[in-house]
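*Asks:* Turn this into a model:
(one chain, ligands or ions: 1)
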Amino acid sequence: MRWSGQEINGEQTDALPGLARLNNLVRSVRTPDFAGVTFHEVLAKSALNKVPGKNAGLFGWTINPMRGCQHACAYCFARPTHGYLDLDAGADFDNQIIVKVNVAEVLRTELAKPTWQRPPVALGTNTDPYQRAEGRYQLMPGIIEALADSGTPFSILTKGTLLRRDIPLLVDASARTTIDLAMSIAIYDDELQQSVEPGTPTATARLATVTAVREAGLKCSVFLMPILPFLTDTTAHLDEALRRVAESGATSVLYSSMYLKPGTKEWFMQWLAREHPELVARYESFYSAGAYAPVEYRKWLADRISPLIRRHGLERGREDPVTGGPRSRALGVGSPPALVTEELPPSPAAALRQPTLF
Ligand code: SF4
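*Replies:* Model (predicted):
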């Protein structure tokens, strides 16, 4: 193995609480290329996850090659999923990464079952498939090839510029199935972006990746989300963001204000108290009644961003209400929701959306 000699010995592994529950754990490793990060390599029993909830219908399928995410966004709603292993939703989520090393092989077996009816599958709705660890494990090429070979439509939502590596594969796959790509770029102020999403590539690097995807002939949306109240909702920031999105050649743009549920809220508020203590009381008030910003705010934001989207000649993309990824074009076009509707409380299906695990 390429990484032999880098394994954590059994004593250290056992010392990590909760990991004993991973009865499919192969080994835990650290490497100098990823300082401070531990990878827990597991043999997954399944690759396709059905989004829970009866409203998910036939189409709520996801694949999560990893669990935990080095992009380390303070607002990440997948953070609480680490609690299952007694790992915390803060630094452990960023640095203790569970890797399904056999995900592509398991996926091929599942896709070959006669019962698989090839509904669209979403990648990147819980943890990022192109986080830096993908450079080490290279799981995505096998996943893309398996999905394309089976004729299963799929979407990828990412903040990772490593997506570029797989553009030729995606071009090839697009001849066999429907592919929807989206780059998540919420923050166009470099200092703020490095503070609140410290493991992510810059907005400039992500926009360049959008351009590379478009130059290869594929569509690519930009998720301008989450918009952070009082931090990234100024007209100046939104206007500059949309100008740059349009310049990148993005096919469409989606937006929403921040969603802050328990398990994420505590972590985000720690960041806010450290970086913007003047905003703590306003956020406490905003998110006192639930995970969504007040409806008045969402309407205000819709009124502010709507003319800017039009001014920059951008189309509005569509989110899949079940998975949270880009809506698959394999499901048909349909009419996009009105801007104000987009900022209203989500459907019961979306409210039920939970990060899926193993
Ligand atoms: S990139 Fe996505 S999954 Fe990763 S930490 Fe950020 S919000 Fe979470």
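
*Asks:* So which bits of the chain are right by the ligand?
*Replies:* 69, 71-73, 76, 78, 127-128, 159 (CB under 6 Å from any ligand atom). For the C-beta atoms, the positions are set from N, CA and C on the backbone; glycine is no exception.

*Asks:* again, 5 Å this time
*Replies:* Contact residues of the chain with respect to the ligand, defined by CB under 5 Å from any ligand atom, are listed as 69, 71, 73, 76, 127-128, 159.

*Asks:* If you rank the residues you listed by neighbours, which is first?
*Replies:* D128 (29 neighbours; other CB atoms under 10 Å).

*Asks:* Quickly find the element holding it.
*Replies:* If you go by DSSP states H and E, D128 is not part of any helix or strand.

*Asks:* just checking, T323 is part of a strand?
*Replies:* No. The assignment for T323 (DSSP: H, G, I helix; E, B strand; the rest coil) gives coil, which keeps it out of a strand.

*Asks:* Let's verify the closest residue to it other than its chain neighbours: helix, strand, or coil?
*Replies:* Of all residues not flanking T323 in the chain, A122 sits nearest, at 3.9 Å (CB to CB, 6 or more residues apart in numbering). The three-state label given to A122 by three-state DSSP is strand.

*Asks:* Report the contact partners of A122.
*Replies:* 61-63, 154-155, 157, 320, 323-326, 328 (CB atoms under 8 Å, 6 or more residues apart in numbering).

*Asks:* Narrow those to those in strands?
*Replies:* For the contacts of A122, the ones inside strands are 61-63, 154-155, 157, with DSSP state E as the criterion.

*Asks:* measure N23 to L85 for me?
*Replies:* When distances are taken as CB to CB, to the nearest Å, N23 and L85 turn out to be 12 Å apart.

*Asks:* do the same with L308
*Replies:* When CB to CB is the yardstick, L308 and L85 sit 42 Å from each other.

*Asks:* So between the two, which is more surrounded?
*Replies:* Taking L308 and L85 together and counting by other CB under 10 Å, L85 has the greater number of neighbours (21 against 18).

*Asks:* thinking the more buried one is in contact with G18, fair?
*Replies:* Yes. Contact criterion CB atoms under 8 Å: L85 and G18 qualify, at 3.9 Å.

*Asks:* Which of the contacts of A122 sits closest to the ligand?
*Replies:* The shortest separation between the ligand and any of the contacts of A122 is 8.2 Å, and it belongs to L157 (by CB to the nearest ligand atom).

*Asks:* all helices in the chain, in order from the N-terminus.
*Replies:* Listed from the start of the chain, the chain has helices (DSSP state H) covering 10-15, 91-95, 103-111, 133-137, 140-150, 167-174, 190-196, 203-215, 235-248, 265-275, 280-286, 295-311, 339-342, 348-352.
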